[in-house]
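**Student:** Below are the sequence and a predicted model; questions follow.
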Amino acid sequence: MTSPIEAEPVQTGLDIVLREPPTRLRESRAFGLLSNQASVTHRFEHAADALHERFPKQLTTLFGPQHGLWSTEQDNMIETGHAQYRSMAVHSLYSETRKPTAEMLRGLDLLLVDLQDVGTRVYTYIWTLTHCMEACAAAGIELMVLDRPNPLGGEVAEGALLEPEYASFVGRSEIPMRHGLTIGELARHCNAVLGIGCELHVVKLRNWQRSMLWADTQRTWVPPSPNLPRAAGAIVYPGQVLLEGTNVSEGRGTTTPFEQFGAPWIDARQLRDALPDVEGAVLRTVTFEPAFQKWQQQQCHGLFVHITEPRTFRPYQTTLLILRELRRHYSDQFAWNPPPYEYEPTLMPMDILTGSSRVRQFIDDNGSDADLIELSKVPADWWQRVSSCLLY
C-alpha cells in the first residue's frame, strides 16, 4: 500500500466535477450550491465562481451554513442574513430557518453540497446537510455531496454515541463525538439511519486513504469556520469544544481558539501539574485576554495544547481529564453553562454536546480513571454500524 507521504495530492469532489462533470450535473437545468469560504479548488478558486464559469446559467442559487457563505460571523450562535452574489440569491441556513424552504428550492432539480467538515459530531455543517437532504427529499430534488477529507483521518473514533433524547442542532444522529467519516460517508449513513430517503449522490475523493491526517493530503488548510484558523485547532476540537458548555473560555476571541483555554480564576501552573502527561501533546501555561465572548477583556490563565503526535493524541479523553481537574481544584468557580444553546432551550449545553448527561455527572462526581476511559471509548460496533456507508 502507498504510504500517505508518497501519495498524490488529494483531489476533492469539487476538483473532480469541474474536470470530469458527471452526467447528472451536466444535464441539470438549474442547481444550487451549499458552500462557504473553505469551498475552494486546488487553485483556491471558490466553488461558486468555478461552478458558475464551468456551467453557465445552470448554477442559480447559493446557500450558506453557520457563520455565513463567507464565514464573516466570527462569534458563536450569531445568525446570518440573506444576501446576493453574482446576481444569485444567497439563502442563509443559519437564520430564521436551518432548513431550506420550498420557496428557496423552487426551480432547482439538483443541490450540490461542498463543505469542509472537521470530523466532529457537534460541527453544525453536517446537520445543515441533513436538513438539506430532508428538504430535497420532500421536494423531489436530488442532492450531490462533493466529498472532502476528514482532517482527523478515517481510522479513529472517540466517545459514546449520542442518545436520541439529546438530539439537537449539534447532533441529530447516534454517532460518536469523533466519528471518523468523510462528509460524504456521513451523508450516506444519515440518509439511511434517519430514514430521509433523499436521492443522494457522492462524488468521491481521489488519492485519499483512511490513514491520512490533514497534513498528509498535500492541501492547504483554509479555515472552514472563523474559530478554526489552523489545522491544529481541528485536531483538538473534538475535546475542547466541550468547554462551550462551561464558564471556561475555549479561547474564542483570541487568534488560537480551542488550542488554548482558561479563566481568570485558574492557577495555570497548578492545573498543569495536576494533569498527567498527555500522549501526543504538551500542555503549556498561558495567559490571554479574549477580545470577545467569555471573560472579554479580562486576563485568563490556562493551558495551550501543543500537538506533538496527532496520530496518538486523543482529544476527547484529554478534555475529560482537564474538566475533571477543573472541577476538583476550582469547585467554587467552575460552572456549567445553562441553556439555551444552539436552539435548544431546556437541555444543558454540556449534555447536548456530549450526547447524554453522563459526562457532566462524571465530572461532578469526580469519577474514576476507569469511568473516564469508558466515556472516551467508541462503541465496539461503531465501524460495523457504518460499514455499508464507507467509500474508502
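**Tutor:** Thanks, I have it.

**Student:** can you give me the offset of stretch 78-92 from its chain's centre?
**Tutor:** Computed by Cα atoms, centre = their mean, to the nearest Å, the chain-centroid distance of stretch 78-92 equals 22 Å.

**Student:** make that stretch 353-369, sorry
**Tutor:** Computed by Cα atoms, centre = their mean, the separation of stretch 353-369 from the middle of its chain amounts to 22 Å.

**Student:** again with stretch 260-275
**Tutor:** With Cα atoms, centre = their mean as the basis, stretch 260-275 stands 26 Å off its chain's centre.

**Student:** same deal with stretch 225-238?
**Tutor:** On Cα atoms, centre = their mean, the centre of stretch 225-238 falls 9 Å from that of its chain.

**Student:** ok, now stretch 333-348?
**Tutor:** Centroid separation for stretch 333-348 versus its chain: 20 Å, with Cα atoms, centre = their mean.

**Student:** What of stretch 120-128?
**Tutor:** On the basis of Cα atoms, centre = their mean, stretch 120-128 is displaced by 5 Å from the centre of the chain it belongs to.

**Student:** ends of that stretch, how far apart?
**Tutor:** 14 Å (Cα to Cα, to the nearest Å).

**Student:** And for stretch 201-211?
**Tutor:** One end of stretch 201-211 to the other measures 24 Å (Cα to Cα).

**Student:** For that stretch, the averaged confidence score.
**Tutor:** In this model, stretch 201-211 carries a mean pLDDT of 98.

**Student:** I would like the residues contacting that stretch, please.
**Tutor:** For stretch 201-211, the external contacting residues (Cβ atoms under 8 Å, 6 or more residues apart in numbering) are 1-2, 4, 7-13, 16-17, 22, 24, 142-149, 153-155, 180, 182, 184-185, 187-188, 216-217, 391-392. The way it works is simple: take the backbone N, C-alpha and C, and place the C-beta from them, glycine included.

**Student:** swap in stretch 331-344?
**Tutor:** By Cβ under 8 Å, 6+ apart, the list of residues contacting stretch 331-344 from outside reads 77, 98, 124, 168-170, 244-248, 263, 265, 326-327, 345-350, 352, 360.

**Student:** Let's see which of those residues end up in strands.
**Tutor:** Cross-referencing the contacts of stretch 331-344 against strands under DSSP state E gives Ala263.

**Student:** what's the domain layout of this structure?
**Tutor:** The chain breaks down by automatic domain parsing into domains covering 4-220+384-389, 231-376.

**Student:** Present those as a markdown table; the columns should include mean neighbour count.
**Tutor:** Shown next, in a markdown table, are the domains of the chain (neighbours: other Cβ atoms under 10 Å):
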| stretch | mean neighbour count |
| --- | --- |
| domain 4-220+384-389 | 19 |
| domain 231-376 | 19 |
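
**Student:** what's near enough to touch the residue nearest to Phe313 when sequence neighbours are not counted?
**Tutor:** Using Cβ to Cβ, 6 or more residues apart in numbering and skipping residues adjacent in sequence, the residue nearest Phe313 is Gly280, 3.0 Å away. Taking Cβ under 8 Å, 6+ apart, we find Gly280 in contact with 307-314.

**Student:** Which phi and psi values does Gly280 adopt?
**Tutor:** The phi/psi pair for Gly280 (degrees, to the nearest 10) reads phi 90, psi 10.

**Student:** Would you mind measuring from it to Leu320?
**Tutor:** Gly280 is 15 Å from Leu320, where distance means Cβ to Cβ, to the nearest Å.

**Student:** which outside residues touch the helix or strand that Ile235 is a member of?
**Tutor:** Using DSSP states H and E, Ile235 falls within helix 231-240. Helix 231-240 is contacted from outside by 118-120, 123, 151-152, 158-159, 177-178, 213-215, 221, 224, 227-228, 250-251, 256-259, 261, 305, 307, 310, 313-320, 322, using Cβ under 8 Å, 6+ apart.
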